[in-house]
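Engineer: Sequence plus the predicted model coming up.
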Amino acid sequence: MVLDTFMYLDYKEAREGASLREIIRDLAHHPDYGGGGIHSGEYAVLKEAALNDEVGKLVICTQSANMGYDSGTAACTFKAPDENCYYVVYRGTGDGEWPDNGIGMTSEATVQQKRALSYFEETVESLKIGENDRLIITGHSKGGNKAQFVTMETKYDSLVDVCYSVDGQGFSEKAIESWKNRYGSTTYEERREKLYGIHGENDYVSVLGNSIIPEKQIRYIRTPVEKSNFAGYHDIKYMFASLARDPQTGKYVTFFHGRKNSDTGVQGELGKYAMALSGSVMMLPPDVRDGCAAVIMQLMEAASGKIKGINGERLTGEDLKDFTIQGIPLIAESLLKREEGRVLLSAFLRKETFTFKISGNVTLEADYGNLLRLAKRTEELVVRVDKLTEEIRQTADTLPLYMKGHAALYHGIKLSAREMGRISQKIWKIKELQEESAGYYRSWDIV
């Protein structure tokens, strides 16, 4: 878990052959790390943990960034200097990888999972790791999913001693069926038995997809986070955190230390709700589930300023349709009608229980009239764009002959008209989506 935390430093300049303690010392005055910047929390965890020789003397061997892999495939391998023990570590969702997470909810394997496998097998071969060595695979979040995938897929499975997935999500039914068909039940179970899950008590990512980690090998860790800090419930450094109230301000202050917190034995309210919601999503038809996942993951990617995934993934109109018609109502219903959702809302409202009783006949109302009004305005926009497009075409056609001979000018205007036509078609599809969504919501009201 300390090495998983190290991956979030994103310190690709770390010298291969250096110990973790030396790397931490190098960063003591760096403004992003020891200087109190963006990664100061992770740095605090690592600095204290590295005081322990078992951790501090681990030596960095290979980094994916130095092996030609993309920025999303962030992986590192460490070796214990006094014994033949290797740790292959994967970072969580990297640059442009959010859409790849969604693809993993329905596909047998994703591009980024395959690249993680390639890194692992290249590392095993380059370091000449053998049967007499101990080999541990680990990762947090998407890194935990990659660690599990590698354990289930690698041709070097006999070398893998154990896999620790920290808050790592599960897989699609296609992936699971593929492993069962290829290996047979006995070998499939043997590989699964190497998987261990370490999850934050209120983590909401480890519950996504279908878990293949044996239930008896999953632990829940106390993760003290202020309720307003939603991202903190899935942030690995909070498994090393403690909260204390400042007597002067009355506000909570977070401290990070070098040992993980104790086990809780059970999931918290957010973890239970996320598991229930994930179960409902996984029951959707694969094509609809793929669309819902694509929208959510693309929104996460957009939050970091990107409009497409690392491998060119983009949203489609069908994705938006699936999320609008199936995803939004599913989320709303799960919050209001499921016990886990009601408990979660109570917890976030800082109340023991609801002060009002939610009946079993909750009605979810959508303003489909507003959707239809939006569709009408969108249609009017299409008319205006089409009119402008026609004016551009006419401009090109009415050019004097001597100007038409100027190919760059004439064809430039014609290309502009063609591009405007494409834009019009895209806007029309949005109008159709608005109308179709309104129709679905209206049909529910009638029922």
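Structural biologist: All right, it came through fine. Numbers count the residues shown, from 1 in each chain.

Engineer: Quick check: pLDDT value at residue 361.
Structural biologist: At residue 361, the model reports a pLDDT of 59.

Engineer: Which helix or strand lies directly C-terminal to the helix or strand bottoming out on mean pLDDT in the chain?
Structural biologist: One helix or strand of the chain scores below all others by mean pLDDT, DSSP states H and E: helix 401-404, with a mean of 60. Sequence order places helix 407-446 as the next helix or strand after helix 401-404, per DSSP states H and E.

Engineer: So for that following helix, what gets flagged as buried?
Structural biologist: Residues 413, 417, 420, 424, 427-431, 433-438, 440-441 are the ones in helix 407-446 that count as buried (16 or more other C-beta atoms under 10 Å). Every C-beta, even on glycine, is put in place using the N, C-alpha and C of the backbone.

Engineer: ditto for stretch 198-214
Structural biologist: 198-209, 211-213.

Engineer: Among the residues you listed, give me the pair with the biggest separation.
Structural biologist: 202 and 212 (21.9 Å; C-beta to C-beta).

Engineer: residue boundaries of the helices in the stretch 1-150 of the chain?
Structural biologist: 2-7, 20-26, 40-49, 53-56, 98-103, 111-126, 142-153 (DSSP state H, counting those that start in this stretch).

Engineer: among these, which is the most enclosed?
Structural biologist: helix 142-153 (a mean of 28; mean count of other C-beta atoms under 10 Å).

Engineer: So which elements touch it?
Structural biologist: strand 85-90, helix 98-103, helix 111-126, strand 134-140, strand 160-166, helix 173-192, strand 195-200 (3 or more C-beta pairs under 8 Å, 6 or more residues apart in numbering; DSSP states H and E).

Engineer: any idea of the angle the third one forms with strand 85-90?
Structural biologist: So the one you mean is helix 111-126. Between helix 111-126 and strand 85-90, the angle comes out at 160 degrees (axes from the mean of the first three to the mean of the last three C-alpha atoms, to 10 degrees).

Engineer: can you give me how far helix 111-126 is from the chain middle?
Structural biologist: 20 Å (C-alpha atoms, centre = their mean, to the nearest Å).

Engineer: now that helix and strand 160-166, what's the angle there?
Structural biologist: Using the same axes, to 10 degrees: helix 111-126 against strand 160-166 is 140 degrees.

Engineer: which other helices and strands contact helix 111-126?
Structural biologist: So helix 111-126, by 3+ C-beta pairs under 8 Å, 6+ apart, packs with strand 59-63, strand 75-80, strand 85-90, helix 98-103, helix 142-153.

Engineer: Okay, now the unreliable bits of the stretch 251-400 of the chain?
Structural biologist: 294, 297-315, 317, 319, 336-337, 342-366 (pLDDT under 70).

Engineer: cutoff 50 now
Structural biologist: For the stretch 251-400 of the chain, the stretches with pLDDT under 50 are 353-356.

Engineer: Also the stretch 51-200 of the chain?
Structural biologist: For the stretch 51-200 of the chain (pLDDT under 50), the answer is none.

Engineer: go with 80
Structural biologist: Across the stretch 51-200 of the chain, residues meeting the criterion (pLDDT under 80) sit at 82, 94-98.

Engineer: on that earlier part again, just name the closest of the buried residues of stretch 198-214 to residue 166, please.
Structural biologist: So of the buried residues of stretch 198-214, ranked by how close each gets to residue 166 (C-beta to C-beta), first place is residue 198, at 4.8 Å.

Engineer: What's the separation between the closest one and residue 76?
Structural biologist: 18 Å (C-beta to C-beta, to the nearest Å).

Engineer: Break this structure into its domains for me.
Structural biologist: 2-267, 273-348, 368-446 (automatic domain parsing).

Engineer: What is the end-to-end distance of the first one?
Structural biologist: Chord length of domain 2-267, first to last residue, is 22 Å (C-alpha to C-alpha, to the nearest Å).

Engineer: For residue 62, list the residues it contacts.
Structural biologist: Contact analysis of residue 62 by C-beta atoms under 8 Å, 6 or more residues apart in numbering lists 16, 76, 77, 123, 126, 127.

Engineer: Now for the last one, how many residues are close by?
Structural biologist: Think residue 127. 16 (other C-beta atoms under 10 Å).

Engineer: change the start of the numbering to 4 and stick with it
Structural biologist: Done: numbering now begins at 4, and the last item shifts to residue 130.

Engineer: Nearest residue to it in space, please, no chain neighbours.
Structural biologist: residue 64 (6.1 Å; C-beta to C-beta, 6 or more residues apart in numbering).

Engineer: what's the spacing between the one you found and residue 73?
Structural biologist: On the measure of C-beta to C-beta, residue 64 and residue 73 end up 20 Å apart.

Engineer: and residue 132, what does it touch?
Structural biologist: 89, 126, 138, 159, 162.

Engineer: Generate a ChimeraX selection restricted to the buried subset of those.
Structural biologist: Remark: buried members of those, expressed as a ChimeraX selection using 16+ other C-beta under 10 Å:
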select :89,126,138,162
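
Engineer: Next, format the contacts of residue 132 as a markdown table and append distance to residue 7.
Structural biologist: Below are those laid out as a markdown table (distance: C-beta to C-beta, whole Å):
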| residue | distance to residue 7 |
| --- | --- |
| 89 | 15 |
| 126 | 17 |
| 138 | 16 |
| 159 | 21 |
| 162 | 21 |
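
Engineer: So which of the contacts of residue 132 is the closest to residue 183?
Structural biologist: When these are compared against residue 183 (criterion: C-beta to C-beta), the nearest one is residue 159, at 20.4 Å.
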